[in-house]
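A.B. asks: Got a sequence here, can you build the structure:
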Amino acid sequence: MLSDLATLKFTSECPTQKDYPPLETHISRLNDYLSFFNPAGQISEWGAPHGNFSRAIPAVIAQSLRKDCLWISNRTDLKFYPTSWFDLGFDLSKIHFMVYEKPFKIIRTAINEETYQLLIIDSAEFITPAEINYLASSARQKNLSIFILRHFFLSNRNGNPFSKYRFNSDFSLRTNSFSLSSVKGKNTHKLKLNIKEVFNG
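C.D. replies: Next comes the predicted model:
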């Protein structure tokens, strides 16, 4: 079956609705901001360009979940450095990273195994309408949160009907702070978080 995924912890246990607690992190102000949203059973889209630490907020959310997260990318030039993530306080037993040139075969298997509470698709390739429709249906049926990370900032001029919520995540070296803004959904104001607040709570 998936000999190259031997390190991933798949299980045949089927999660139920009560297995998914409300989305909460160690950052109280981020919790307040996200209280407007319910990612369970939804696709959310994130504008997170490479090279500006913009993936830290999705990573913090993944770290805070009770169940595991699969973070998959199709960029073969992308390298994950476990020691760096560990030094930032991430539990590497809960976040499973994978680089796979054609990720959708692995994504389908992961969804069917029902191990993960969060699936992060960090993909540069175009996701077809059929694929994103499958993801949306699977998210609803399995109460699964799916983050699609884009390598550019999102704009409300170009929508995505399959994503209920769309965010832009950014980091400023000048102010040493993160910003999170919604371009779709109920809460449209921008949240700013100091880097110490993000990594120290």
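A.B. asks: What residues sit buried inside stretch 36-47?
C.D. replies: 37, 39-47 (16 or more other C-beta atoms under 10 Å). Just so you know, the C-beta spots here come from the backbone N, C-alpha and C atoms, and that holds for glycine as well.
A.B. asks: mind putting those in TSV, secondary structure, distance to F199 and pLDDT included?
C.D. replies: Shown next, in TSV, are the buried residues of stretch 36-47 (DSSP: H, G, I helix; E, B strand; the rest coil; distance: C-beta to C-beta, whole Å; pLDDT from 0 to 100):
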residue	secondary structure	distance to F199	pLDDT
F37	coil	22	73
P39	coil	22	65
A40	coil	25	68
G41	coil	29	75
Q42	coil	26	85
I43	strand	27	90
S44	strand	22	89
E45	strand	25	91
W46	strand	19	92
G47	strand	22	92
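A.B. asks: Nearest to I148 among those residues?
C.D. replies: Relative to I148, the closest of these is E45; by C-beta to C-beta it sits at 4.9 Å.
A.B. asks: I'd guessed that closest one sits against G159; true?
C.D. replies: No: with contact defined as C-beta atoms under 8 Å, E45 does not reach G159; the gap is 9.8 Å.
A.B. asks: what is in contact with the two at once?
C.D. replies: R166 (C-beta atoms under 8 Å, 6 or more residues apart in numbering).
A.B. asks: Give me the phi and psi for K190.
C.D. replies: In terms of degrees, to the nearest 10, the main-chain angles of K190 are phi -100, psi 140.
A.B. asks: what about it, how many neighbours?
C.D. replies: 12 (other C-beta atoms under 10 Å).
A.B. asks: go on, N158?
C.D. replies: For N158, using other C-beta under 10 Å, the count is 8.
A.B. asks: now P82: how far from F90?
C.D. replies: 9 Å (C-beta to C-beta, to the nearest Å).
A.B. asks: Please identify which of those two sits among more neighbours.
C.D. replies: In this view P82 and F90 are compared by other C-beta under 10 Å, and F90 has more residues nearby, 17 against 11.
A.B. asks: Could you measure from the closest residue to the more buried one other than its chain neighbours over to R140?
C.D. replies: Leaving aside its sequence neighbours, F90 sits nearest to Q63 (C-beta to C-beta, 6 or more residues apart in numbering; 5.2 Å). Counting by C-beta to C-beta, the gap from Q63 to R140 is 25 Å.
A.B. asks: Looking only at neighbour counts, state which of those two leads.
C.D. replies: When Q63 and R140 are compared for neighbours, Q63 comes out ahead with 18 against 13, by other C-beta under 10 Å.
A.B. asks: The longest helix along the chain to strand 43-47, inter-axis angle?
C.D. replies: Assignment by DSSP state H gives helix 129-142 as the longest helix of the chain. If you take axes from the mean of the first three to the mean of the last three C-alpha atoms, to 10 degrees, helix 129-142 sits at 120 degrees to strand 43-47.
A.B. asks: Kindly confirm my reading that V60 is in a helix.
C.D. replies: Yes: using DSSP: H, G, I helix; E, B strand; the rest coil, the secondary structure at V60 is a helix.
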